[in-house]
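Asks: Sharing a sequence plus its predicted fold:
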Amino acid sequence: MIRFAFFVDGSNLFGALKGMGTEVDDYQAFFNHLYKAAEQQWRSCVGAGQNANTILQHVYLLHPV
């Protein structure tokens, strides 16, 4: 089994989104999108085919105040 992890720096992400004037209505869907993008990049870097199983185990959401 090959494992990978990706980390999102929430403060920088929210700051960048705010700087672009972008609002996110559904953070769960947004982080799922980021996960899929990270998963695709991981697959291409390690040569994992589409048959390799992956699972998103933990999502920690910090909402801006």
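Replies: Yes, it's here.

Asks: Every contact and neighbour count from this point should use C-alpha atoms.
Replies: Noted.

Asks: can you pull the buried residues of the longest helix seen in the chain?
Replies: When the chain is parsed with DSSP state H, its longest helix is helix 27-46. Using 16 or more other C-alpha atoms under 10 Å as the test for burial, helix 27-46 gives 35, 39, 42.

Asks: Next one: residue 16 from residue 54, what distance?
Replies: 28 Å (C-alpha to C-alpha, to the nearest Å).

Asks: repeat for residue 14
Replies: From residue 14 to residue 54 the distance is 26 Å (C-alpha to C-alpha).

Asks: Buried residues, stretch 9-25. List them.
Replies: Buried-residue list, stretch 9-25, by 16+ other C-alpha under 10 Å: residue 14.

Asks: Just the C-alpha atoms of it, please, in CSV.
Replies: Extracted C-alpha coordinates of stretch 9-25, given in CSV (Å, rounded to 0.1, in the frame of the first residue of the first chain):
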residue,chain,number,x,y,z
ASP,A,9,-2.6,26.0,5.2
GLY,A,10,-6.0,27.4,6.0
SER,A,11,-4.8,30.9,6.9
ASN,A,12,-2.9,31.3,3.6
LEU,A,13,-5.7,29.8,1.6
PHE,A,14,-8.4,32.0,3.1
GLY,A,15,-6.2,35.0,2.7
ALA,A,16,-5.5,34.3,-1.0
LEU,A,17,-9.2,33.7,-1.6
LYS,A,18,-10.1,37.0,0.1
GLY,A,19,-7.4,38.8,-1.9
MET,A,20,-8.9,37.4,-5.1
GLY,A,21,-12.4,38.5,-4.0
THR,A,22,-13.5,34.8,-4.1
GLU,A,23,-16.1,33.4,-1.7
VAL,A,24,-16.6,29.7,-1.1
ASP,A,25,-20.2,28.6,-0.3
